[in-house]
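Peer 1: Give me a model of this one.
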Amino acid sequence: MDGLAYLHLAETWETAAGQTRSTNSKKHLNLAYTSLLFFTLALTILNLVNPALAIKKGDSGPEVAQLQKTLQAAGYFSGKTTGFYGSITRAAVKKFQADNNLKVDGIVGPKTLSVLKGNQSASIEAAEKQSPNVDRPSPSPSATENTNQPEDTTNNPPQEPLFQEPFLPPFKTESPEEKQESESQPQRLINPPDNTQGKMTLKKTIYGNISPKSIVYSGDGLFFAQNMMYRHTITVYDRNFKLVKTIPDTVNLSKFGFSKFKGNYQGSPVEAAFSTDGKYGYVSNYKMYGSGFSNPGTDRCSPAAKHDQSFLYRINTQTLKIEKVIPVGAVPKFNAVSPDNRFALASNWCSWDLSVVDINKNLEVERVKLGAYPRGIVVTPDSKNAYVAVMGSSDIAKVNLIDFSVEWLRNIGNAPRHLTIDPNGNYLYATLNGEGNVAKIDLKTGEVAKKVRTGKAPRSMTISDDGKLLYVVNYFSNTVSKVRTSDMKVLQKVNVNSSPIGITYDPETNQVWVACYSGSIMVFQD
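Peer 2: Numbers count the residues shown, from 1 in each chain. The predicted structure follows:
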C-alpha cells in the first residue's frame, strides 16, 4: 500500500484538481517504466552471462542504485540512493522477499527480480487507473522527497590476560528523563556527514550485572553481550539501549541429545556470530561447568593436555532461547558464520584447531589443525575461504572451505588476534596484540601493505559497512581508535572505561558499541 501511495503521489504531483493528467504526469509514469526497464534488462543480461551472479550485499553500481529506487517505489526502502548495497538495502530486500513468499536471503536473483517487476508494474497500472476527475491535493515535499538516511553506508607465546572477577561500578539508577530517552525511538541520521571527517561522541553508557567479553550486532536490530563465566549470561539489547533479555548459559545437555551428561550445566559465553538473515546467533563457550567436565582449559594450554571439549549454543533471535547445543573443540573462543549460511566456524584455543559446523545439520563436519592459539576468524564475501589469526605466531591461516586445505600468510606481525575484511574482499585487517599495531594486508599479494599503531594491546575491531573505517579497542590504553582504511591513518581516539575488549558497528545508525570488561557497554555516535 505504501508503494501505491508513493506512485499515486508521484503521478499527481503536477495534476490540477478536476483536470485530466498533464504531460508532466505522463512523464513521471514513462520515467518509472524506463527505470524499471533499465533495471530489468541490466539484471537479466547479468544472469544470462552468468546465472550465478545476482545483486547482493557489497555490490555497487547503477544496478544497485536502480534497485534502491525500485524498492523506494514499492515502499520498502527509505534510505538514500547511493548505488552501494549495504545493510539497509539488504534489510529492504529481505522484507520484500518475506512479504512475497520468496527465499529470504537478501540476494536479488531472477525470482526476486521477477516479483519486483510485477509489483512495480501493478503499482503503475493502479496509478494509471485513477480517475482523472478526482480532486488530488498536491503533496508536501516531505511526502516524496528522499529522507537521506545513511546507507549502509614475540618470541614468547602470547597469552590472554587471566581476568579474575572484574570490578563493577555501582549500578546506574536512571532518572525519569533518562528512562524517557531510552524508551524513545533511536535517532536516524539525516544528511549524514562523511564519517571520515566526523567525530565520535558518547551517546550512552550501559551498566548492569555484566562483564562483557564481547558485544556483537545481530544484523537485525539486536546486540548480544557475552558475559563469560563471571555472570554466566548473554545480555541482549535493542537500539534504544534497552535490555531486552538476559539469557542464562545454563543448559540440560541430556535434553539436547548428550545422554551421558545428567542435569543442568553452565557454560561461559565468549563471542557470538549470526546467520546472514539474523535469525540465529551462535555463541561460543570458553568451558563448561558440571559433572563430567573435570579438565578445563586455561589461557596457556596445548592439545597434549586433552582438555574438556566445549560447545556452541545456537540461539533463536526471535524467541531468544538456546535451541541447539553443538560440540566443538577445547576452549572455543571466536566464531564466525559464512555469508552463504553453510558453516559456523569456531577457533579452539586449547585444541589448536578450527571446528567447521554444518549449519543445516548442526554438526561439526571437519576439524582443521592450525597451531598454537587460534583466535580471530573472518570469511571472505564469496564464502570460499576463511582466514584465522593464530595468536601464538606471526601468521594467519587461509582455510579453503571447499576441501579444508590450509595455506598461510606468513610474518604478518606479532600475535595476530582479531581479523576483519573489507566488503569487496580485497584487504584483510589484523590486530597485532603483541606489538600494538593494526596491519592492512593486500590479499592479492599476501603482503602487509601498511601498519598503524593504535594503542597498547589492540584487541577487537569492527569495520564500517562501506569499508572506509576501522574502529579498534586498545585494551591497556583504555581507548578506541578510529582508523581510515585508505591510508591507515588514526583519525580519532576516544577514552573509554577500563579494559575495552569487544566492539561492533551498527550501519543503520552509524553507532559503535564498545564492551568494557570492567562492567559496561559504551555506545558512540559517529
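
Peer 1: Now do the closest residue in space to residue 100 that isn't next to it in sequence: how many residues are near it, please.
Peer 2: Setting aside the residues directly before and after it, residue 100 is nearest to residue 115 in space (Cβ to Cβ, 6 or more residues apart in numbering), at 4.9 Å. C-beta here means a position set from N, CA and C on the backbone, and glycine is covered the same way. Burial of residue 115 is recorded as 17 neighbouring residues (other Cβ atoms under 10 Å).

Peer 1: Pretty sure residue 115 sits in a strand.
Peer 2: No. The assignment for residue 115, made by DSSP: H, G, I helix; E, B strand; the rest coil, is helix rather than a strand.

Peer 1: quick one: stretch 414-423 to chain centroid distance?
Peer 2: How far stretch 414-423 lies from its chain's middle: 15 Å, per Cα atoms, centre = their mean, to the nearest Å.

Peer 1: same check, this time on stretch 296-306
Peer 2: In terms of Cα atoms, centre = their mean, the centre of stretch 296-306 is set 31 Å apart from its chain centre.

Peer 1: In that stretch, which residues are buried?
Peer 2: Using 16 or more other Cβ atoms under 10 Å as the test for burial, stretch 296-306 gives 296-297, 300-302.

Peer 1: Save these as TSV, and put in distance to residue 268, pLDDT and secondary structure too.
Peer 2: Shown next, in TSV, are the buried residues of stretch 296-306 (distance: Cβ to Cβ, whole Å; pLDDT from 0 to 100; DSSP: H, G, I helix; E, B strand; the rest coil):
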residue	distance to residue 268	pLDDT	secondary structure
296	9	95	coil
297	11	92	coil
300	17	91	coil
301	15	95	coil
302	20	95	coil
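
Peer 1: okay if I get those residues as a markdown table plus distance to residue 523?
Peer 2: Formatted as a markdown table, the buried residues of stretch 296-306 follow (distance: Cβ to Cβ, whole Å):
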| residue | distance to residue 523 |
| --- | --- |
| 296 | 33 |
| 297 | 32 |
| 300 | 34 |
| 301 | 35 |
| 302 | 39 |
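
Peer 1: Show me which of the residues you listed is closest to residue 455.
Peer 2: residue 300 (24.5 Å; Cβ to Cβ).

Peer 1: any idea how far residue 412 is from that closest one?
Peer 2: 22 Å (Cβ to Cβ, to the nearest Å).

Peer 1: Could you list the low-confidence segments of the stretch 351-500 of the chain?
Peer 2: Applying pLDDT under 70 to the stretch 351-500 of the chain flags no residue at all.

Peer 1: ok, the residue nearest to residue 100 touching residue 103?
Peer 2: No. At 11.2 Å, residue 115 and residue 103 do not qualify as touching, with contact defined as Cβ atoms under 8 Å.

Peer 1: who's in contact with the residue nearest to residue 100?
Peer 2: Neighbour list for residue 115: 96, 100, 102 [criterion: Cβ atoms under 8 Å, 6 or more residues apart in numbering].

Peer 1: what would these look like in TSV with secondary structure and distance to residue 308?
Peer 2: TSV is the format used below for the contacts of residue 115 (DSSP: H, G, I helix; E, B strand; the rest coil; distance: Cβ to Cβ, whole Å):
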residue	secondary structure	distance to residue 308
96	helix	46
100	coil	47
102	coil	44
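
Peer 1: just curious, which of those is nearest to residue 58?
Peer 2: Among the contacts of residue 115, and counting by Cβ to Cβ, the member closest to residue 58 is residue 96, at 18.8 Å.

Peer 1: Give me the pLDDT value at that closest one.
Peer 2: Note on residue 96: pLDDT of 86.

Peer 1: tell me which residues of stretch 409-423 are tucked away?
Peer 2: For stretch 409-423, by 16+ other Cβ under 10 Å, it's 409, 412-423.

Peer 1: Kindly report the same for stretch 263-281.
Peer 2: Here stretch 263-281 shows 265-281 as buried, counting by 16+ other Cβ under 10 Å.

Peer 1: Then stretch 371-385?
Peer 2: Within stretch 371-385, the residues that count as buried by 16+ other Cβ under 10 Å are 371-381, 383, 385.

Peer 1: Quick check, central residue of this protein?
Peer 2: residue 219 (4.9 Å; Cα atoms, centre = their mean).

Peer 1: separation between that one and residue 399?
Peer 2: 23 Å.

Peer 1: same thing with residue 258?
Peer 2: For residue 258, the distance to residue 399 - Cβ to Cβ - is 27 Å.

Peer 1: Looking at these two now, which is surrounded by more residues?
Peer 2: Legend: neighbour count by other Cβ under 10 Å for residue 258 and residue 399, higher for residue 399 (21 against 16).

Peer 1: Bridged to that one, which residues?
Peer 2: Beta-bridge partners for residue 399, by DSSP bridges, are residue 386, residue 406.

Peer 1: contacting residues for it?
Peer 2: 354, 368, 385-388, 405-406.

Peer 1: By neighbour count, sort out the buried ones in these.
Peer 2: Buried among the contacts of residue 399 by 16+ other Cβ under 10 Å: 354, 368, 385-388.

Peer 1: now these as JSON lines including distance to residue 249?
Peer 2: JSON lines is the format used below for those (distance: Cβ to Cβ, whole Å):
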{"residue": "354", "distance to residue 249": "23"}
{"residue": "368", "distance to residue 249": "26"}
{"residue": "385", "distance to residue 249": "31"}
{"residue": "386", "distance to residue 249": "26"}
{"residue": "387", "distance to residue 249": "28"}
{"residue": "388", "distance to residue 249": "25"}
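
Peer 1: Tell me the one of the residues you listed nearest residue 469?
Peer 2: Distance to residue 469, by Cβ to Cβ, is smallest for residue 387 among those, at 20.1 Å.

Peer 1: residues contacting that closest one?
Peer 2: Taking Cβ under 8 Å, 6+ apart, we find residue 387 in contact with 377-380, 396-399, 409, 419, 421, 428.

Peer 1: Any figure for the gap between it and residue 284?
Peer 2: Residue 387 sits 18 Å away from residue 284 when distances are taken as Cβ to Cβ.

Peer 1: mind listing the helices for this structure?
Peer 2: Along the chain, counting by DSSP state H, helices occupy 2-12, 23-49, 62-73, 87-99, 110-128, 141-144, 176-183, 228-231.

Peer 1: Now for the contacts of residue 387: which two are most distant?
Peer 2: Across these, no pair lies farther apart than 379 and 409, at 15.2 Å, counting by Cβ to Cβ.

Peer 1: Dump the contacts of residue 115 to CSV, plus neighbour count and distance to residue 478.
Peer 2: Putting these into CSV (neighbours: other Cβ atoms under 10 Å; distance: Cβ to Cβ, whole Å) gives the following:
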residue, neighbour count, distance to residue 478
96, 24, 44
100, 15, 49
102, 17, 47
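
Peer 1: between these, which is closest to residue 514?
Peer 2: When those are compared against residue 514 (criterion: Cβ to Cβ), the nearest one is residue 96, at 33.5 Å.

Peer 1: Just give the nearest non-adjacent residue to that closest one, would you?
Peer 2: Residue 96 sits nearest to residue 76 (Cβ to Cβ, 6+ apart), 4.9 Å away.

Peer 1: Report the separation between the two terminal residues of stretch 299-308.
Peer 2: Taking Cα to Cα, to the nearest Å, the first and last residues of stretch 299-308 lie 14 Å apart.

Peer 1: wait, stretch 239-259
Peer 2: Start-to-end, stretch 239-259 (Cα to Cα) is 40 Å.

Peer 1: May I see the buried residues of that stretch?
Peer 2: For stretch 239-259, by 16+ other Cβ under 10 Å, it's 239, 241, 246-247, 249, 251, 253, 256, 258.

Peer 1: which residue packs closest to residue 340, ignoring adjacent ones?
Peer 2: residue 383 (4.1 Å).
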